[in-house]
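Participant: generate a structure from the sequence data that follows.
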Amino acid sequence: MNQVIDLLKNHRSIRKFKDEQLDQDTIRELVTAAQAASTSSYVQAYSILGVTDPRKKAALREISTQPYVEHNGHLFVFLMDYNRHVELSKEKGTPIDHDKTEQLIVGTVDATLAAQNLAVAAESMGLGMCYIGSLRNDMARVIEILELPKGVVPLFGMVV
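Facilitator: Coordinates of the predicted model:
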């Protein structure tokens, strides 16, 4: 058929990783691919956080209970992020209501589309990856560990 379709059909979640850090060029390339995903009205209501601090990774592993959250090439955390929108609206004197269902959906969908682009890009580079939904086991603690500001919600992680 074609290489992209073959890649998509052969997706496998990998749960055992080498403890070799991805280089910055690879991380940059993956994030750039993620940022090329569609976004609702170009709102880009998400952020991608790279977690490299071993203590934070260990704390996140406790929440998720998965050893590969701590031991991997790179841990990405996908966040619904309306903090910058709120701050910009304050500067402009036009407050926004980010507590609406539509914002929840937009932030979640935008982050998910970006994550899928990153996943496909990683696999196209011969890298294994796995989504980490178990970070939602204790979202308040994840927010604390990652020192996230108000309006930023951790949705899931991805190890590569």
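Participant: so how far is the helix-or-strand element of the chain with minimal mean pLDDT off the chain centroid?
Facilitator: Counting by mean pLDDT, DSSP states H and E, the weakest-scoring helix or strand in the chain turns out to be helix 83-92, with a mean of 76. On the basis of C-alpha atoms, centre = their mean, to the nearest Å, helix 83-92 sits 22 Å off its chain's mean C-alpha point.
Participant: for the helix or strand that that helix is followed by, which residues meet the burial criterion?
Facilitator: Using DSSP states H and E, the helix or strand that directly follows helix 83-92 along the chain is helix 101-124. If you call a residue buried by 16 or more other C-beta atoms under 10 Å, then helix 101-124 has these buried ones: 103, 106-115, 117-123. In this view, the C-beta of every residue, glycine as well, is placed from N, C-alpha and C.
Participant: contacting residues around helix 101-124?
Facilitator: The contact list for helix 101-124, computed with C-beta atoms under 8 Å, 6 or more residues apart in numbering, reads 4, 7-8, 11, 29-31, 33-40, 43-46, 48, 76, 78-82, 128-129, 131, 153, 155-156, 158, 160.
Participant: restricted to buried residues, select those residues in PyMOL.
Facilitator: Buried residues among the contacts of helix 101-124 (16+ other C-beta under 10 Å), as a PyMOL selection:
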select buried, resi 29+30+31+33+34+37+39+44+45+46+48+76+78+79+80+81+82+128+129+131+153+155+156+158+160
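Participant: please tell me how far L148 sits from G50.
Facilitator: Going from L148 to G50 by C-beta to C-beta, to the nearest Å gives 14 Å.
Participant: ok, those two, which is more surrounded?
Facilitator: Neighbours were counted for L148 and for G50 using other C-beta atoms under 10 Å; L148 has more, 19 against 14.
Participant: tell me the contacts of the more buried one?
Facilitator: 79, 142, 154.
Participant: so which of the residues you listed belong to strands?
Facilitator: Using DSSP state E, the subset of the contacts of L148 located in strands is 79, 154.
Participant: just the closest of the contacts of L148 to P54, please.
Facilitator: V142 (16.4 Å; C-beta to C-beta).
Participant: nearest spatial neighbour of the closest one, chain-adjacent residues omitted?
Facilitator: Nearest residue to V142 in three dimensions, chain neighbours excluded: P154, at 4.6 Å (C-beta to C-beta, 6 or more residues apart in numbering).
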